[in-house]
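Undergrad: generate a structure from the sequence data that follows.
(chains A and B)
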2 protein chains.
Amino acid sequence: MKKRIGFIGLEVMGKPMAKNLMKAGYALCVNDIVKEPVKELVELGAKKGETAKEVGEKSDVVITMVPTSKEVKEVYLNEDGVLTGIKEESIVIDMSTIEPTVSQEIAATALKKNIEMLDAPVSGGQLGAIEGTLTIMVGGKEEIFKECKEIFEAMGKNIYYCGPIGSGEISKITNNLVAAICMQATCEGMVLGIKAGVQPKVLFEIMSKSSAQNWALSTYMPRKAFKGDFEPGFMVDLMYKDLGLANNLAAIHNVPILLGSAVRQIYEWARATGKGKKDFSAILSLLEEIVGVKARLEGA
Amino acid sequence: MKKRIGFIGLEVMGKPMAKNLMKAGYALCVNDIVKEPVKELVELGAKKGETAKEVGEKSDVVITMVPTSKEVKEVYLNEDGVLTGIKEESIVIDMSTIEPTVSQEIAATALKKNIEMLDAPVSGGQLGAIEGTLTIMVGGKEEIFKECKEIFEAMGKNIYYCGPIGSGEISKITNNLVAAICMQATCEGMVLGIKAGVQPKVLFEIMSKSSAQNWALSTYMPRKAFKGDFEPGFMVDLMYKDLGLANNLAAIHNVPILLGSAVRQIYEWARATGKGKKDFSAILSLLEEIVGVKARLEGA
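TA: The predicted structure follows:
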């Protein structure tokens, strides 16, 4: 029989993820501080849990998808939280992007009640959540991961087992750190080359077939930033949050990340100039405005 | 009839490039301050020019491949330099990686003698030079580029016309700037993730299929650095030189390159710790040594 799933956090990402679970035949019990998405899912057949505790009581597996470490702690550890309500030998899965140390801390508390936890942050944005094509990076015990794999497959396409609890978060944070730096590299290179007199299309063609090739340059920006489209996508504010997590992780482990530290300041700068809600490729427009050129590809 | 080609600068890159021209049927007149490679090419049938001037006198097209702006200036502008010897309506092609402003300066001097110039730096390293698979980025007048395309095709595989004189240099410098930053991004990400507890192979698999994907990570390092092989390849000293050119170019055009400036200091650091003659991916070993982990892929 399919597990009964509790789902807490029905925002931009959580709502479509919950819907995909229902499509795959799971019975859901849902909760969110905002009423509208709860109502929408109840109309589709989900039960409503008045509190996180009640969601826990009515579920075999509870999934959480909330903004930050703070909300994750509240949802699990508060008096009316998941861990108060949920039965022994259940499973909790936090899919939020948060500090790996918080995942580890909650997992340790859960284990005392004989409850297993996975951390399973995602990438792929709202579109990936809607289409069920998310990349999901999972940390925790491998047998628990295997038990839950079918659940992940209802929401995502590339499902990775990353290692012990916290490893999903570490993998995602690391990936986004590298992605942010490569994005800025691409912006600096394009704007410099164009300002020095080379056509955007020439630079693009050379770099995308040479050692400068990277996902931001050759896959992401031709569809968006290089057309002048800076709407999210994946917001500056969210990349800034993930770079904060990366810099905290680096400090905990005593790893100097020279460019990772600098690139966070560039996202800080983007936020300071009102670009927080723009796509994370909007750091291109920041440089364009300063330097007075535009990196646009016709017909790319 | 095939043009007579002069070739000055027969080091690691120049010698195999000159050999490929001879294989393609061009008559060569060669010169270098080092005797050994000159002797080698003369034995293969090339003429020897005692000076750059003499090479100019005996050639329809002169190609130069020397270390820095300084040598390029000397070879062209000295009293016994190419521009003193070469006939009117000849063509000179500098394939060295140098300041674009120097290319422009020499081109202007050449034009006064009715001599056309192209700048045509390459990438692809010694292996690309030997196999004739170099990427060649060409600046100058388009009709002169077309006239010389067959010559480039004897040495390279991907030949790009980039725009007016200096554009080849700008394109190469820009590409290498982006490549260096993506390399460092990859090193920071891998070392951070590993130190925080995730297996190298897991990080590699996730990042190479996600938004962190870049050429250094997914193409270059699995063959070298991720196996613990830090032999060049493309030396730290050469990337440091190119990053110097990039930072100079940025200063001339008043373009702030925040990561480009920082990454040059990382290559400075690598040089300061005796890694100048290692492969440019040896900045990975720098971080590995500091942090006390190794980013090695078994069977990658």
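Undergrad: switch to C-alpha atoms for all contacts and neighbour counts from now on
TA: Fine.
Undergrad: now the longest helix seen in chain A, how far from the chain's geometric center?
TA: Counting by DSSP state H, the longest helix found in chain A is helix A:167-195. Relative to the chain's own centre, helix A:167-195 is displaced by 16 Å; criterion: Cα atoms, centre = their mean, to the nearest Å.
Undergrad: tell me the angle that helix makes with helix B:167-195.
TA: 170 degrees (axes from the mean of the first three to the mean of the last three Cα atoms, to 10 degrees).
Undergrad: for the record, mean pLDDT for helix A:167-195?
TA: On average, the pLDDT along helix A:167-195 is 98.
Undergrad: so is it next to chain B?
TA: Yes - using Cα under 8 Å from any Cα of the partner chain, helix A:167-195 reaches chain B at A:167, A:170-171, A:174-182, A:184-186, A:188-193, A:195.
Undergrad: show me where the stretch 101-250 of chain A has its strands.
TA: A:116-119, A:122-123, A:134-139, A:156-163 (DSSP state E, counting those that start in this stretch).
Undergrad: can I get those strands in CSV with mean pLDDT and mean neighbour count?
TA: Output for the strands of the stretch 101-250 of chain A, formatted as CSV (pLDDT from 0 to 100; neighbours: other Cα atoms under 10 Å in any protein chain shown):
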stretch, mean pLDDT, mean neighbour count
strand A:116-119, 98, 28
strand A:122-123, 96, 23
strand A:134-139, 98, 28
strand A:156-163, 98, 21
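Undergrad: among these, which comes closest to chain B?
TA: strand A:156-163 (6.1 Å; Cα to the nearest Cα).
Undergrad: ok, that closest one near chain B or not?
TA: Yes - using Cα under 8 Å from any Cα, strand A:156-163 reaches chain B at A:Tyr160, A:Cys162, A:Gly163.
Undergrad: identify the residues contacting the second one.
TA: Residues in contact with A:Cys162, defined by Cα atoms under 8 Å, 6 or more residues apart in numbering or on different chains, are A:Met137, A:Val138, A:Gly139, A:Gly168, A:Ser171, B:Val198, B:Gln199, B:Val202.
Undergrad: closest to B:Ser261 among these?
TA: Among these, A:Ser171 lies closest to B:Ser261 (Cα to Cα), at 27.6 Å.
Undergrad: near chain B, which residues of the stretch 201-300 of chain A show up?
TA: A:202-203, A:206-207, A:210-216, A:249-250, A:253-260, A:262-263, A:291.
Undergrad: which of those residues count as buried?
TA: A:202-203, A:206-207, A:210-216, A:249-250, A:255-260, A:263, A:291 (16 or more other Cα atoms under 10 Å in any protein chain shown).
Undergrad: follow-up on the earlier one: mind checking which of the residues of the stretch 201-300 of chain A next to chain B are in helices?
TA: Taking DSSP H as the definition of helices, these contribute A:202-203, A:206-207, A:215, A:249-250, A:258-260, A:262-263, A:291.
Undergrad: can you redo these as JSON lines with pLDDT and distance to A:Glu99?
TA: Below are these laid out as JSON lines (pLDDT from 0 to 100; distance: Cα to Cα, whole Å):
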{"residue": "A:Val202", "pLDDT": "98", "distance to A:Glu99": "41"}
{"residue": "A:Leu203", "pLDDT": "98", "distance to A:Glu99": "38"}
{"residue": "A:Ile206", "pLDDT": "98", "distance to A:Glu99": "39"}
{"residue": "A:Met207", "pLDDT": "98", "distance to A:Glu99": "35"}
{"residue": "A:Trp215", "pLDDT": "97", "distance to A:Glu99": "25"}
{"residue": "A:Leu249", "pLDDT": "98", "distance to A:Glu99": "8"}
{"residue": "A:Ala250", "pLDDT": "98", "distance to A:Glu99": "11"}
{"residue": "A:Leu258", "pLDDT": "98", "distance to A:Glu99": "20"}
{"residue": "A:Leu259", "pLDDT": "98", "distance to A:Glu99": "20"}
{"residue": "A:Gly260", "pLDDT": "98", "distance to A:Glu99": "17"}
{"residue": "A:Ala262", "pLDDT": "98", "distance to A:Glu99": "20"}
{"residue": "A:Val263", "pLDDT": "98", "distance to A:Glu99": "19"}
{"residue": "A:Val291", "pLDDT": "98", "distance to A:Glu99": "36"}
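Undergrad: farthest pair in the residues you listed?
TA: Longest span within these, Cα to Cα: A:Val202 and A:Leu249, 38.6 Å.
Undergrad: excluding chain neighbours, what is closest to the residue in chain A sticking out farthest from the centre?
TA: The C-alpha centroid of chain A is most remote from A:Gly197, which lies 37.9 Å away (Cα atoms, centre = their mean). Nearest residue to A:Gly197 in three dimensions, chain neighbours excluded: B:Ser167, at 7.1 Å (Cα to Cα, 6 or more residues apart in numbering or on different chains).
Undergrad: need the helix or strand of chain A with the lowest average pLDDT.
TA: helix A:125-131 (a mean of 93; mean pLDDT, DSSP states H and E).
Undergrad: for it, packing partners?
TA: Where contact means 3 or more Cα pairs under 8 Å, 6 or more residues apart in numbering or on different chains; DSSP states H and E, helix A:125-131 is packed against helix A:14-23.
Undergrad: between the helix it packs on and strand A:134-139, how many degrees?
TA: Using the same axes, to 10 degrees: helix A:14-23 against strand A:134-139 is 90 degrees.
Undergrad: for helix A:14-23, which positions count as buried?
TA: In helix A:14-23, counting by 16+ other Cα under 10 Å, buried: A:Gly14, A:Lys15, A:Pro16, A:Met17, A:Ala18, A:Lys19, A:Asn20, A:Leu21, A:Met22.
Undergrad: dump these to a markdown table, plus pLDDT and distance to B:Lys241.
TA: Formatted as a markdown table, those follow (pLDDT from 0 to 100; distance: Cα to Cα, whole Å):
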| residue | pLDDT | distance to B:Lys241 |
| --- | --- | --- |
| A:Gly14 | 98 | 49 |
| A:Lys15 | 98 | 51 |
| A:Pro16 | 98 | 50 |
| A:Met17 | 98 | 49 |
| A:Ala18 | 98 | 53 |
| A:Lys19 | 98 | 54 |
| A:Asn20 | 98 | 53 |
| A:Leu21 | 98 | 54 |
| A:Met22 | 98 | 58 |
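Undergrad: of the residues you listed, closest to chain B?
TA: A:Met17 (19.7 Å).
Undergrad: show me what contacts A:Asp242?
TA: Counted by Cα under 8 Å, 6+ apart, A:Asp242 has contacts A:Thr97, A:Ile173, A:Asn176, A:Leu177.
Undergrad: so which of those residues wins on neighbours?
TA: A:Leu177 (33 neighbours; other Cα atoms under 10 Å in any protein chain shown).
Undergrad: ok, how many other residues are close to the nearest residue to that one once chain neighbours are set aside?
TA: Spatial nearest neighbour of A:Leu177, excluding adjacent residues (Cα to Cα, 6+ apart): A:Leu243 at 6.0 Å. By other Cα under 10 Å, the residues close to A:Leu243 number 25.
Undergrad: my read: A:Leu243 touches A:Ile173, true?
TA: Yes - contact criterion Cα atoms under 8 Å: A:Leu243 and A:Ile173 qualify, at 7.4 Å.
Undergrad: where does chain A dip in pLDDT?
TA: Scanning chain A for pLDDT under 70 picks out A:299-300.
Undergrad: please repeat the previous calculation with a cut-off of 80.
TA: Chain A contains residues with pLDDT under 80 at A:1, A:298-300.
Undergrad: how is it carved up into domains?
TA: With automatic domain parsing as the criterion, the domains of chain A are listed as A:5-165, A:170-291.
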